[in-house]
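**Student:** Pasting the sequence and the predicted coordinates here, then a few questions.
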Amino acid sequence: MSTYYASLLAESGILLLGALSVYIILATGQLSLGNGAFMGIGAYLSSYLTVALNVPLTLALVIAAIAAGIIGAIVAFPALRLKGIYLAMATVGFGEMVRSFFLNFDAMGGSGGYRGMQHISVGYVWLWAGGILIAVMLLERSRVWLEMQAVHDDETAAGLIGLNTTVTKIGAFGAGAAVAAISGGLFAHHNVYIEPANFGFDRSIEFVLAVILGGSTVGPGSLVGSLLLVFLPEFLRPIADWRLAAFGTLLILVLLVRRQGILDRSLIRTLTFRRAAA
Amino acid sequence: MLTIKGLEVRYGAITAVRGVDLEIRKGEIVALLGANGAGKSTIARSIAGLLPFQGEIAFEGERLTPGTAEKNLRRGIALVPEGRGILARMTVHENLLMGIYTRSDKSAAMADVDKMLERFPILGKRRDGLASLLSGGEQQMLAIGRALLSKPKLLLLDEPSLGLAPLMTASLFSMIAQFRDEGLTVLLVEQKARQTLKIVDRAYLLETGRVVTSGSAEALINDPTLSEAFLGGTH
């Protein structure tokens, strides 16, 4: 595989994890526009652990995920009082706060960025991305997922069923933050250089876009969305300067035709049945 | 079974319920009647643990604290809220499965889910269909079925006939009347007073957050003054 395609594939694996981090939180009806910040926390923390303390990368990623998960759960507490667009705005504020922190945090390079990480292969990236995607798909078959969906559909009704909606929402936020942190750790070690601008609002929007485009009601939707977001602009290169405009148009068209995104439960069921019948 | 003394509920500066006293005995079907804004739903939601309140609500001798819907369900109080509270993105079966969430006897609970699908054949037919695609009446059956699966001692039904066609309302009321034979205690919040009084044992009439009168269904249904003042002649 050429370096070019390996790089795109690694990028899509990292984006898949970011998209899944949004998807997990969205499953409880909460929209986070600040997951770029959790990615940044994971990137900086795992980089510090591997570069300064010589911690093995896999362990560093796990530590970063746990730390970001705890921060995510703490952030979720005040966010519990907010819903819809107000919650989304609060997460934007959190994202900017974190980006600004790393911008002024000279111990990790500040605006000059941080380097010294060892490069990882595309295979390692996809080991994590594939593993977490499978874990999310298994989660979708579990009782916990039903609880998350119940909170998404009607929080009051979920409470009346006996669910602890607070625990469900905080848990989802923590899990989403942890996955975003792994995405950040992989990004840092694949690119071997990070700076605060890598984890800003644009990054958070990219995660959300991958979920919405690929399908916000099924885990594999994030995979489809991530692959499209990374590969489609590259395939459109022959039209040079117009490629991003064409990409934007395609995005709008897809969402006009399928508001729920490309993949949904019924499409997966149809594809599965066809294959079974063939 | 349930005793309420001096219940007061506020939404900010507005007092929705003022000094309500109420009692429900085991095996009874009791109605809360009144016009919109009378405070009926607020009382039901307070009993379920969804709202902060002042005063005393005691269930089976145990004093309930506000904001404890999950605990109250485990105590045996199930509320079917106004608007049904259907989990729209889930299938009918998944909605029913959520009804057994608090039960520890999982294998018996799973068998009860199957029985519930037999009890409501239309739900059985649409077992794997999305709950959002059910009609209003079917959604109400699903909401009640889900609440029954938690094996409640006290079932709170908040305006179950809202938005239903007359035939569906009649069938719903006859189903509620059957709950008495099954030993279930029911608090029915309704605006359709005449139909309600035909199936309940006792009723409380509310106006602007206060109980203005109460008594047996028979006594209330034959009281022309009450009928004119609170229930409307043709309801």
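**Tutor:** Okay, I see it. Numbers count the residues shown, from 1 in each chain, chains lettered A, B, ... in the order given.
**Student:** hey, let's count contacts and neighbours off CA atoms from now on
**Tutor:** Fine.
**Student:** which stretches of chain B form strands?
**Tutor:** Listed in chain order, the strands of chain B (DSSP state E) span B:2-11, B:14-24, B:29-34, B:54-59, B:62-63, B:77-80, B:154-158, B:185-190, B:202-207, B:210-216.
**Student:** distance between the longest one and the chain's centre?
**Tutor:** Read that as strand B:14-24. 17 Å (CA atoms, centre = their mean, to the nearest Å).
**Student:** Let me know the average pLDDT across that strand.
**Tutor:** Averaging pLDDT along strand B:14-24 yields 92.
**Student:** What residues of it count as buried?
**Tutor:** Using 16 or more other CA atoms under 10 Å in any protein chain shown as the test for burial, strand B:14-24 gives B:A16, B:V17, B:R18, B:G19, B:V20, B:D21, B:L22, B:I24.
**Student:** from those, which single one is nearest chain A?
**Tutor:** Distance to chain A across the buried residues of strand B:14-24 (CA to the nearest CA) is lowest for B:A16, with 19.5 Å.
**Student:** so what's the closest one up against?
**Tutor:** Taking CA atoms under 8 Å, 6 or more residues apart in numbering or on different chains, we find B:A16 in contact with B:E8, B:V9, B:R10, B:G37, B:A38, B:G39, B:T42, B:T208, B:G209.
**Student:** What subset of those residues is buried?
**Tutor:** The buried subset of the contacts of B:A16 - by 16+ other CA under 10 Å - is B:E8, B:V9, B:A38, B:G39, B:T42, B:T208, B:G209.
**Student:** Pretty sure A:A19 sits against A:G214.
**Tutor:** No - using CA atoms under 8 Å, A:A19 is not in contact with A:G214; the gap is 9.6 Å.
**Student:** Close to chain B: what parts of the stretch 1-150 of chain A are there?
**Tutor:** A:L146, A:E147, A:Q149, A:A150 (CA under 8 Å from any CA of the partner chain).
**Student:** and residue 27, what are its phi and psi?
**Tutor:** No chain in the question, so chain A it is. With angles defined as degrees, to the nearest 10, A:A27 sits at phi -60, psi -20.
**Student:** wait, I meant chain B there
**Tutor:** B:G27 adopts backbone torsions of phi 80, psi 0, taken as degrees, to the nearest 10.
**Student:** Neighbours of it, how many?
**Tutor:** Neighbour count of B:G27, defined by other CA atoms under 10 Å in any protein chain shown: 18.
**Student:** Ok, A:L250 next?
**Tutor:** Neighbours around A:L250, by other CA under 10 Å: 13.
**Student:** do A:W242 as well
**Tutor:** For A:W242, using other CA under 10 Å, the count is 11.
**Student:** gap between it and chain B?
**Tutor:** 39 Å (CA to the nearest CA, to the nearest Å).
**Student:** ok, how many other residues are close to A:V151?
**Tutor:** 25.
**Student:** Is it in contact with A:V167, as I believe?
**Tutor:** No - counting by CA under 8 Å, A:V151 does not reach A:V167; the two are 10.5 Å apart.
**Student:** which ones are touching the most centrally placed residue in chain B?
**Tutor:** Nearest residue to the geometric centre of chain B (CA atoms, centre = their mean): B:L157, 1.3 Å. Each residue near B:L157 by CA under 8 Å, 6+ apart is listed here: B:L79, B:V80, B:P81, B:E82, B:V186, B:L187, B:L188, B:V189.
**Student:** out of the residues you listed, which one sits closest to chain A?
**Tutor:** Using CA to the nearest CA, those come closest to chain A at B:L79, 6.6 Å.
**Student:** measure the closest residue to that closest one other than its chain neighbours to B:P81 for me?
**Tutor:** Leaving aside its chain neighbours, B:L79 sits nearest to B:L156 (4.5 Å; criterion: CA to CA, 6 or more residues apart in numbering or on different chains). B:L156 is 8 Å from B:P81, where distance means CA to CA, to the nearest Å.
**Student:** Between those two, tell me which one has more neighbours.
**Tutor:** Higher neighbour count among B:L156 and B:P81: B:L156, with 28 against 24, using other CA under 10 Å.
**Student:** Isn't B:I144 up against B:E82?
**Tutor:** No - contact criterion CA under 8 Å: B:I144 and B:E82 do not qualify, at 11.5 Å.
**Student:** can you pull the contacts of whichever residue of chain A sits closest to chain B?
**Tutor:** Per CA to the nearest CA, A:G162 is where chain A lies closest to chain B, at 4.3 Å. Contact analysis of A:G162 by CA under 8 Å, 6+ apart lists B:A69, B:E70, B:K71, B:L73, B:R74, B:Y101, B:T102.
**Student:** re earlier: show me the two of the contacts of B:L157 that sit farthest apart.
**Tutor:** B:E82 and B:V186 (15.2 Å; CA to CA).
**Student:** quick revisit: so can I have JSON lines of the strands of chain B showing distance to A:G69?
**Tutor:** As requested, the strands of chain B are arranged in JSON lines below (distance: least, CA to CA, whole Å):
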{"stretch": "strand B:2-11", "distance to A:G69": "36"}
{"stretch": "strand B:14-24", "distance to A:G69": "41"}
{"stretch": "strand B:29-34", "distance to A:G69": "47"}
{"stretch": "strand B:54-59", "distance to A:G69": "38"}
{"stretch": "strand B:62-63", "distance to A:G69": "38"}
{"stretch": "strand B:77-80", "distance to A:G69": "34"}
{"stretch": "strand B:154-158", "distance to A:G69": "39"}
{"stretch": "strand B:185-190", "distance to A:G69": "43"}
{"stretch": "strand B:202-207", "distance to A:G69": "49"}
{"stretch": "strand B:210-216", "distance to A:G69": "49"}
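**Student:** Just name the most buried of those strands.
**Tutor:** Among those, ranked by average contacts under mean count of other CA atoms under 10 Å in any protein chain shown, first place goes to strand B:77-80 (a mean of 29).
**Student:** before we move on, the earlier item: closest one to A:P220 among the strands of chain B?
**Tutor:** Going by CA to CA, the one of the strands of chain B nearest A:P220 is strand B:77-80, 34.7 Å.
**Student:** So what are the sheet partners of the closest one and their directions?
**Tutor:** strand B:154-158 (parallel) (DSSP bridges).
**Student:** could you say what helices and strands the longest helix along chain B packs with?
**Tutor:** Counting residues, the longest helix in chain B under DSSP state H turns out to be helix B:166-181. Contact here means 3 or more CA pairs under 8 Å, 6 or more residues apart in numbering or on different chains; DSSP states H and E; on that basis helix B:166-181 packs against strand B:185-190, helix B:193-199.
**Student:** And residue 6, what's its pLDDT?
**Tutor:** Just so you know, I chose chain A. For A:A6, the predicted pLDDT is 90.
**Student:** wrong chain, I was asking about chain B
**Tutor:** Looking at B:G6, its pLDDT reads 93.
**Student:** And the average pLDDT for stretch B:103-111 is what?
**Tutor:** Stretch B:103-111 shows a mean pLDDT of 89.
**Student:** Can you give me the buried ones in it?
**Tutor:** The neighbour-count check on stretch B:103-111 (16+ other CA under 10 Å) flags B:A109 as buried.
**Student:** Is it in proximity to chain A?
**Tutor:** No - counting by CA under 8 Å from any CA, chain A has no neighbours in stretch B:103-111; the shortest distance is 9.8 Å.
**Student:** what's the answer for stretch B:118-136, then?
**Tutor:** No - Stretch B:118-136 does not reach chain A (CA under 8 Å from any CA); its nearest approach is 10.5 Å.
**Student:** what distance separates that stretch from the centre of its chain?
**Tutor:** 21 Å.
**Student:** In chain B, what residue lies closest to chain A?
**Tutor:** B:E70 (4.3 Å).
**Student:** In space, what's closest to that residue - neighbours in sequence excluded?
**Tutor:** Among residues not flanking B:E70 along the chain, A:G162 sits closest, at 4.3 Å (CA to CA, 6+ apart).
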